[in-house]
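Chemist: Give me a model of this one.
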Amino acid sequence: MSDNTPDPWATQAAELLAIAVTVAREAADTARSMRAEGVSGVSTKSTDTDVVTAADRAVERQVIAALGALRPGDTVLGEEFGGTAGDGAVRWIVDPIDGTVNYLYGLPVYAVSLAAEVEGVVVAGVVRNAATGDEWTATLGGGAFRGERRLTGSAQTDLAQALVATGFGYDAKRRAHQAEVLARLITRVRDIRRFGAAAIDLCLAAEGGFDAYFEKGLNPWDRAAGGLIASEAGLLVGGLDGRPAGNDMTVAAPPAIFGPLTDLLAEFDAAGGP
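Modeler: Numbers count the residues shown, from 1 in each chain. Reported below is the predicted structural model:
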């Protein structure tokens, strides 16, 4: 292929991103307007602290319907309703409201996250903070952006000077284990932040809002779009001991501190426990 020949993979990723952005913006508008009307239909899932609202369900239904109209035959994997059947090569991965507890309390850190996956590889993703309108996007090999600004991540090379973000699970025993890990880590880094929305955390790491991020327990909808945005911004995104990012651990950090951070997390058994 000559340098002047368009890359069909890049063309497809760009087309999928355009769809994702349109659908995510409309979904974010719904989430924000429903929040303004007052949170309703609140219930719990895995534990008494793991909340879901009527808006979570309504937004996911809207995304599924919109994608079905634009891309009939594609599969959709969502947090609230699981997977929808399809015979296409594209699977969409959606978190309708990432940061539901923030949404419940009116804290302006909650997002619609939507990614397109082709043959098991995430090729396009968008995360839109529904409360503020901030939007992050990426395509595989095409870079990551906040609006029109290309993202390059943090240039930090010293873990001791790194601002590190994390999150916690909903199970009390898991939280206790995560707190033990954090108590050991906090003396080895500059400081810790916890915002309560994994997709936004990954995007803030991508733009250098903090230097690194780690969390145990992320599902595909938590990390699909944000993980692509972080990696396209130049961060390493993976798990511990050379494993890929997954439910047991997701780390996003600049190359210079990824190894030292994952080594400490492995030493502290961050991927272990409940």
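Chemist: Tell me the pLDDT of residue 3.
Modeler: Listed pLDDT for residue 3 reads 46.
Chemist: which residues touch the nearest residue to residue 42 once chain neighbours are set aside?
Modeler: Nearest residue to residue 42 in three dimensions, chain neighbours excluded: residue 53, at 5.3 Å (C-beta to C-beta, 6 or more residues apart in numbering). C-betas here are computed from N, CA, C, even on glycine. By C-beta atoms under 8 Å, 6 or more residues apart in numbering, the contact set of residue 53 is 39-42, 97, 100, 103-104.
Chemist: Count the residues that sit near residue 121.
Modeler: Residue 121 is flanked by 11 other residues according to other C-beta atoms under 10 Å.
Chemist: How about residue 168?
Modeler: By other C-beta under 10 Å, the residues close to residue 168 number 18.
Chemist: quick one on the thing from earlier: by neighbours, which of the contacts of residue 53 wins?
Modeler: Of these, with other C-beta under 10 Å as the count, residue 97 tops at 31 neighbours.
Chemist: what's near enough to touch residue 230?
Modeler: With contact taken as C-beta under 8 Å, 6+ apart, residue 230 is in contact with 144, 153, 202-203, 205-206, 213, 237, 252.
Chemist: for this protein, longest helix please?
Modeler: Counting by DSSP state H, the longest helix found in the chain is helix 8-37.
Chemist: Show me the domain layout of the chain.
Modeler: Here the domain parsing of the chain from automatic domain parsing is 8-150, 159-267.
Chemist: Return the mean pLDDT over the first one, rounded to an integer.
Modeler: It stands for domain 8-150. Average pLDDT, domain 8-150: 91.
Chemist: can you check the shortest one too?
Modeler: Averaged over domain 159-267, pLDDT sits at 97.
Chemist: So which bits of the longest helix of the chain are buried?
Modeler: 12-13, 16-17, 19-21, 23-25, 27-32, 34-35 (16 or more other C-beta atoms under 10 Å).
Chemist: ok, the helix or strand following it: who's next to it in the sheet?
Modeler: Next helix or strand after helix 8-37 toward the C-terminus (DSSP states H and E): strand 43-44. Strand pairing for strand 43-44, determined by DSSP bridges: strand 51-52 (antiparallel).
Chemist: what sits up against the strand it pairs with?
Modeler: Contacts of strand 51-52 (C-beta under 8 Å, 6+ apart): 42-45, 80, 100-101, 104.
Chemist: Hmm, residue 46 and residue 170 touching each other?
Modeler: Yes: using C-beta atoms under 8 Å, residue 170 is in contact with residue 46, at 5.5 Å.
Chemist: who has more neighbours, these two?
Modeler: Counted by other C-beta under 10 Å, residue 170 and residue 46 do not tie: residue 170 has more neighbours, with 16 against 10.
Chemist: Quick check: the more buried one is in a helix.
Modeler: No: counting by DSSP: H, G, I helix; E, B strand; the rest coil, residue 170 is not found in a helix; it is coil.
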